[in-house]
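Trainee: Predicted coordinates and the sequence they were generated for:
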Amino acid sequence: MGAVALAATLGATLLVPGASARAAPEPVTQPNTSAQGCDPIDPAACLLPFPSNWHTRKDSSTDTGRRVDFDPASMPRNVRGTAIDPTEWNRSDGFSPGSMLLARVPGLDLERTGAAPITDIGSSLEEDAPIVLLDLTTGERWPYWAELDANAPDPNRQALIVRPARNLIAGHDYAVALRDLKDADGKPIEAPAAFADLRAGKHDGGAESADRAALRERARQLAPAFEGLEKAGVKTEHTYLAWDFTVASTRSLSERMLHLRDDSFGQLGDAAPEFVVGEVTENPADDPIARSVRGVFNIPSYLDRPGGPPGAGFEYDENGLPRRTEGNKQIASFQCEIPRKALQDPAVPALYGHGLLGAEGEVGSGSITAMAAEHNLAFCATKWAGMSSDDLSFVAETLQDLGKFPAVPDRLQQGILNGLWLGRLLTHKDGFASDEAFRNDSGTSVLDADADLAYYGNSQGGIIGGALTAVSTEVERSALGVPGMNFSTLLNRSSNWAPFEQIVDTAYPDKLDQQVNLALIQMLWDRGETNGYAQHLTDDPLPGTPEHRVLMHVAFGDHQVSPTAAEVQARTVGARIHRPTVADGRNPDKEPYWAIEPLEYPAATGSAMVVWDSGAPYQPLTNTAPGEGADPHGDPRNDKAARAQTGEFLRTGRIVDVCSGAPCEAAPQG
């Protein structure tokens, strides 16, 4: 769904009870940073710097030895004064592996400071880099880029954002150090008074007070981080700010989804899910798609309301895992497209993942049916429960009160489970293959029983599809069209965000709070999108899961899903890249596609990223959406050569050079 369609659909949604469309934001008041739970070293906002182990506590029952411990008094509030309830966040044993690192530095000039920009990620690892991101577990410096929030009109409420250029490692401890920061005149910026006192040891003497006690405790907590930085050669005497944080463990990130998978399939056993074919459309003989099949199927529901409607969330058992009440089911709809070739030669069964807040009917669109017909792939789709057309109003509602947001990733995990069960229907002899709608005139199944189940998704289907792939025991190869990961990076950079931003601007008008909120909700979104699973998507699979291979097709200058996020994903999953990637001069980076190794043709296998250039301008270098030229978002899937590469990969796992040793170019669709 594009920005124009979203805006039209959200026209009424903006007038949710208690809010007014485009109401003038209330004046931003300075946060009460003396509230319980606030970090004393950064007075700009209670949760800054973020993420930080100040907001965790020791817990020997978790894999990291920590547990997130946000104090309710420290959480952001909307204009009605409603604070975010931290209960669901406090189930985590650390922070997002893709978390942006946030602070506020009044007067900061990143260029005069010499901080690594998005166009020169490699400089983040230089010895004298003014921003240091250090893996305390290994002693390794970590790559990143730094930017100031370009959406903030008030420089006093503008976030410094440091984004990892490769996802952080689950369960590891990290330290951040800001040093030698300069303003626009090149003058040094002095550290906040509280941190300067901490750094100088002034918290140890003088009259006792609550502030001094908090600072003393903060100094005690930061001692290991300071030691790690010093050991790595990072002097801390003159740092503007330094802090540490722990990344959530693999178990914390994935255990809910793996429980849904293992518990539900354990109950299913060797059987096929229940399904009913409701509508079969026979196409004319000259149509390359012979038949469209629609119907419904049953899946166990782990959501806390019968049928798991939008707004339903998990209820937890004594082990902290989603509980399923007896008899609670979801009824999910499906649509399948059977290519005419399959009537003679059974097709490869394949799942299809739809785009932003869409529906299963996208599987019948022209580019997808062309792929099916050209490469004899039988695509079936269901809705991404949690982020489908059914969820649009509730998603918009959560942006007015982020305390309701946990229901979105909960239902999204249920949606991934729905996709896994649809996959079982595609592969099981008593599934679709048993129904006459999936048989030819001779009674033979149109689904190849010997072929591996494949996955193909575009846009949101590429973003969530990586998570489905990571937990699937049947899908071994996935083609992710115009993909990315990490919604906290993607949203500001997407043309689709504009209508939702209107809601956020009304409910949370402070732009600094907005960045904190994006970082917060990413901690939960990780449970239902690729960002939380990327470390285990390919060569290092999750428990009980095979290795996977992915092919990422990126649209150069994409308006909807930032190619920058796709590059982070490629580095994280170990994907290689087609080179030459784009024509000389098209990419402004000092080293284009930094640290992504080239594909080795002609026998390329494994995981890969291919950039398709249809002439669009390069995306903005700031955290803003593209606005120049036509949007190339749909161009790769509409290009026959790109489809040929995707089809070959899904069928055989081979990655063929369809661009004859040159950059890959797609015709613009206009």
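Mentor: Done, it's in. Residues are numbered from 1 along each chain as shown.
Trainee: Next, find the distance separating residue 538 from residue 258.
Mentor: Residue 538 sits 17 Å away from residue 258, going by C-beta to C-beta, to the nearest Å. (C-beta placed from N, C-alpha, C; glycine too.)
Trainee: try residue 235
Mentor: Taking C-beta to C-beta, one finds residue 235 at 43 Å from residue 258.
Trainee: now do residue 406
Mentor: 19 Å.
Trainee: list the buried ones in stretch 124-134?
Mentor: For stretch 124-134, the neighbour count (16 or more other C-beta atoms under 10 Å) marks 124, 125, 129, 130, 131, 132, 133, 134 as buried.
Trainee: just curious, which of those is nearest to residue 109?
Mentor: residue 130 (11.2 Å; C-beta to C-beta).
Trainee: my guess is that closest one contacts residue 112, does it?
Mentor: No: the criterion here is C-beta atoms under 8 Å, and residue 130 misses it with residue 112 at 10.1 Å.
Trainee: What separation do you get for the residue nearest in space to the middle of the chain and residue 614?
Mentor: Centroid-nearest residue in the chain, with C-alpha atoms, centre = their mean: residue 486, separated by 2.8 Å. Residue 486 is 25 Å from residue 614, where distance means C-beta to C-beta.
Trainee: Provide a complete list of residue ranges assigned to helices in the stretch 201-350 of the chain.
Mentor: Taking DSSP state H, counting those that start in this stretch, the helices of the stretch 201-350 of the chain run over residues 210-231, 250-268.
Trainee: Comparing these, which comes out most buried?
Mentor: Comparing the helices of the stretch 201-350 of the chain by mean neighbour count (mean count of other C-beta atoms under 10 Å), helix 250-268 ranks first with a mean of 19.
Trainee: pLDDT (mean, whole number) over that helix?
Mentor: Here helix 250-268 scores 98 as its mean pLDDT.
Trainee: repeat for stretch 601-615
Mentor: Average pLDDT, stretch 601-615: 95.
Trainee: after the helix or strand containing residue 395 comes which helix or strand?
Mentor: Applying DSSP states H and E as the criterion places residue 395 in helix 392-398. As assigned by DSSP H and E, the chain's next helix or strand after helix 392-398 is helix 407-427.
Trainee: That following helix versus helix 250-268: what angle between them?
Mentor: Counting by axes from the mean of the first three to the mean of the last three C-alpha atoms, to 10 degrees, helix 407-427 lies at 50 degrees to helix 250-268.
Trainee: CA-only coordinates of helix 407-427, as PDB, when you get a sec.
Mentor: Coordinates of each C-alpha in helix 407-427 appear next as PDB, following Å, rounded to 0.1, in the frame of the first residue of the first chain:
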ATOM      1  CA  ALA A 407      -0.600  -6.100  20.900                       C
ATOM      2  CA  VAL A 408       0.900  -5.400  17.500                       C
ATOM      3  CA  PRO A 409       4.000  -7.600  17.700                       C
ATOM      4  CA  ASP A 410       2.000 -10.200  19.600                       C
ATOM      5  CA  ARG A 411      -0.600 -10.500  16.800                       C
ATOM      6  CA  LEU A 412       2.200 -10.300  14.300                       C
ATOM      7  CA  GLN A 413       3.900 -13.400  15.700                       C
ATOM      8  CA  GLN A 414       0.500 -15.100  15.400                       C
ATOM      9  CA  GLY A 415       0.500 -14.000  11.800                       C
ATOM     10  CA  ILE A 416       3.900 -15.600  11.200                       C
ATOM     11  CA  LEU A 417       2.500 -18.800  12.700                       C
ATOM     12  CA  ASN A 418      -0.400 -18.600  10.300                       C
ATOM     13  CA  GLY A 419       2.100 -18.400   7.400                       C
ATOM     14  CA  LEU A 420       3.900 -21.500   8.700                       C
ATOM     15  CA  TRP A 421       0.700 -23.400   8.900                       C
ATOM     16  CA  LEU A 422      -0.200 -22.300   5.400                       C
ATOM     17  CA  GLY A 423       3.200 -23.700   4.300                       C
ATOM     18  CA  ARG A 424       2.300 -27.100   5.900                       C
ATOM     19  CA  LEU A 425      -0.900 -27.100   3.800                       C
ATOM     20  CA  LEU A 426       1.200 -26.600   0.700                       C
ATOM     21  CA  THR A 427       3.600 -29.500   1.400                       C
END
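Trainee: What is the neighbour count of residue 641?
Mentor: 17 (other C-beta atoms under 10 Å).
Trainee: wait, isn't it in contact with residue 658?
Mentor: Yes: taking C-beta under 8 Å as the definition, residue 641 is a contact partner of residue 658 at 4.3 Å.
Trainee: Report the set of residues contacting both of those two.
Mentor: residue 664 (C-beta atoms under 8 Å, 6 or more residues apart in numbering).
Trainee: how close does the residue nearest to the centre of the chain sit to residue 627?
Mentor: Relative to residue 627, and taking C-beta to C-beta, residue 486 is found at 22 Å.
Trainee: Same list, the buried residues of stretch 124-134, but as TSV with secondary structure, pLDDT and distance to residue 603 please.
Mentor: Below are these laid out as TSV (DSSP: H, G, I helix; E, B strand; the rest coil; pLDDT from 0 to 100; distance: C-beta to C-beta, whole Å):
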residue	secondary structure	pLDDT	distance to residue 603
124	helix	98	34
125	helix	98	32
129	coil	98	39
130	coil	98	44
131	strand	98	41
132	strand	98	40
133	strand	98	37
134	strand	98	39
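Trainee: Understood, closing this out.
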